[in-house]
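S.K.: Sequence unavailable; structure follows:
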RNA sequence: GUCUCCAUCGUCUAGAGGUUAGGACAUCGCCCUUUCACGGCGAAAACAGGAGUUCAAUUCUCCUUGGAGAUGCCA
């Protein structure tokens, strides 16, 4: 049974990186008839906040990612204690009494002497008397897992094979002095207990995986969990960019008017050998998903590409789907504007522009006067707009470029410099409304 | 410092010893549009560097360089 998990910690809002983890795992599960588990990794009681946990549910539901099972680490402490005690009995974990400050000093010292900042296992040499002494002073220990210091190699679904020198890392802390367990440990216990078959996470977890393989083995010698580490996204970052697009939270992009389909497709396809298609449905994404398509190198992404994709998504919608989401009054309106909207805000904007009480933007007064004269003398028949445009061109052909003429006209009628085919706009608005818009601006 | 991952057009990538190094997005040009956009067509654009293995290296090995990550009583 294939079972994967998405395990965010509620210490902040879900960002694009989290979203990618969720989507990869979700698609992997669906593509293999497996189950997708949501696990709230809230072992860090200091930083975990209920509002962030709610944010996780909101974002997942917005993205339309549904989970088959849900767990919360803060509700599973009894299990961790049981498993922890087994390791204590086996002597694989050991109590340490150093303070954070002492450890910090030790690390700095090692770094300054160009040595790897690895914990020196001093606590291992403590006598029972010394331990008692600490305890009597009210100092509770934190516990470390005694790593087998050797070079290991493990299979990886994306990198094929990863090697790691366990001698280069400290024995991981599994239980903190306050009695809470760390993610490193709780995660292993949960993965075994829940029956996770594949752990798919970012390259930033490679060193964790190396240590956790040892913990998995200590917990369950038969553990056969498979790993896949995908490369992290590099975000093109410049001051301007970040200012323009805001932070990287899913919530931010939702607020900016991106559609969930856009975010899903973007995150599912970026860094894979598939093109950034315009297929936006889950079924297609699932059928196209494969870990083999994820490249080993980290993609650099431009956030503007996501907005480009959003435009493609919107213009691909037919009237029925568009109307369901954005309540478009008529098919005529949708067909008129659909090629010219980047976000739902633009849709609202155009709906407003096409309403009768809309007021455009003033341009040069003489131009507006002339335009009014021309429309007043234009015959109101079936093709009035063609005649109207032709007459204006004739009037200004020696003084203004075609582009300038149209830009001015667009501003007067729509308030914008670009948009749907101009004659189509006039046709939609009708003779009287167009004339009234020019008149209104002239009288302002 | 140590450990780990990675390296093909601007970007995402295909390529697994012999290819005119292919595609997609972006860019530019032309066409369509009486204008911007949309659309159609086309162009430009890449194997980081150095050794080695080989008849032959983008492809295999090593080194250098570059990028990313880890090195927490965070996850």
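M.R.: Perfect, I can see it now. What you are looking at is a predicted structure, and each value in this text was computed from that prediction instead of being measured.

S.K.: From residue A:391, how far off is residue A:222?
M.R.: Separation of residue A:222 from residue A:391 (CB to CB, to the nearest Å): 86 Å. C-beta coordinates here come from the backbone N, C-alpha and C atoms, glycine included.

S.K.: So between these two, which is more surrounded?
M.R.: Comparing residue A:222 with residue A:391 by other CB atoms under 10 Å, the one with more neighbours is residue A:391, at 17 against 7.

S.K.: what sits against the residue lying closest to that one once chain neighbours are set aside?
M.R.: Excluding the flanking residues, the one nearest residue A:391 by CB to CB, 6 or more residues apart in numbering is residue A:374, at 4.9 Å. Going by CB atoms under 8 Å, 6 or more residues apart in numbering, residue A:374 touches A:388, A:391-392, A:395.

S.K.: now swap in residue A:2 and tell me
M.R.: Here residue A:2 is in contact with A:28-29, A:32-35, A:197-198 (CB under 8 Å, 6+ apart).

S.K.: now the strands: where do they sit in the stretch 1-150 of chain A?
M.R.: A:3-6, A:35-40, A:69-72, A:93-96, A:142-145 (DSSP state E, counting those that start in this stretch).

S.K.: Looking at these, which is nearest to RNA strand B?
M.R.: Judged by CB to the nearest atom of the strand, the one of the strands of the stretch 1-150 of chain A that comes nearest to RNA strand B is strand A:142-145, at 3.7 Å.

S.K.: where in chain A is pLDDT low?
M.R.: Counting by pLDDT under 70, chain A shows low-confidence ranges at A:237-244, A:278.

S.K.: give me that answer again for 50
M.R.: Along chain A, the model assigns pLDDT under 50 to residues A:239.

S.K.: which helix of it spans the most residues?
M.R.: The longest helix of chain A (DSSP state H) is helix A:16-31.

S.K.: Pick out the residue of the stretch 301-444 of chain A closest to RNA strand B.
M.R.: residue A:418 (2.7 Å).

S.K.: Go through the contacts of residue A:374 and name the one nearest residue A:124.
M.R.: For the contacts of residue A:374, the residue nearest residue A:124 by CB to CB is residue A:392; the value is 89.1 Å.

S.K.: Skipping its backbone neighbours, what lies nearest the residue of chain A most remote from its centre in space?
M.R.: Using CA atoms, centre = their mean, the residue of chain A lying farthest from its centre is residue A:377. It sits 56.1 Å away. Leaving aside its chain neighbours, residue A:377 sits nearest to residue A:391 (7.9 Å; criterion: CB to CB, 6+ apart).

S.K.: Which single residue in the stretch 1-150 of chain A comes nearest to RNA strand B?
M.R.: Residue nearest to RNA strand B within the stretch 1-150 of chain A: residue A:41 (3.0 Å; CB to the nearest atom of the strand).

S.K.: Pretty sure that residue sits against residue A:7.
M.R.: Yes: between residue A:41 and residue A:7 there is a contact under CB atoms under 8 Å: 4.8 Å.

S.K.: any shared contact partners between those two?
M.R.: Counting by CB under 8 Å, 6+ apart, the shared contacts of residue A:41 and residue A:7 are residue A:187.

S.K.: okay, the two: which has more neighbours?
M.R.: residue A:7 (24 against 21).

S.K.: The more buried one: what's it in contact with?
M.R.: Here residue A:7 is in contact with A:38-41, A:187 (CB under 8 Å, 6+ apart).

S.K.: can you rerun that using 6 Å?
M.R.: Residues in contact with residue A:7, defined by CB atoms under 6 Å, 6 or more residues apart in numbering, are A:39, A:41.

S.K.: List the contacts of the longest helix of chain A.
M.R.: Counting by CB under 6 Å, 6+ apart, A:4, A:6, A:8, A:36, A:65, A:200, A:248, A:250, A:267-268, A:286, A:289 sit against helix A:16-31.

S.K.: mind running it again at 8 Å?
M.R.: Residues from elsewhere that reach helix A:16-31, judged by CB under 8 Å, 6+ apart: A:2-6, A:8, A:14, A:34-36, A:59-60, A:63, A:65, A:68, A:198, A:200-202, A:230, A:232-233, A:235, A:248-250, A:253, A:263-264, A:267-268, A:270, A:282, A:285-287, A:289-291, A:294.

S.K.: residues in the stretch 1-150 of chain A within reach of RNA strand B, list them.
M.R.: Contact residues (CB under 7 Å from any atom of the strand) of the stretch 1-150 of chain A with RNA strand B: A:7-9, A:11, A:41, A:43-44, A:47, A:96-100, A:103, A:107, A:111, A:114-118, A:142.

S.K.: Checking the residue in the stretch 201-350 of chain A that RNA strand B sits nearest to next. Helix, strand or coil?
M.R.: Residue nearest to RNA strand B within the stretch 201-350 of chain A: residue A:297 (2.9 Å; CB to the nearest atom of the strand). Three-state assignment for residue A:297 (DSSP: H, G, I helix; E, B strand; the rest coil): coil.

S.K.: Which residue is the nearest non-sequential neighbour of it?
M.R.: Nearest one to residue A:297, counting by CB to CB, 6+ apart, is residue A:231 at 5.9 Å.
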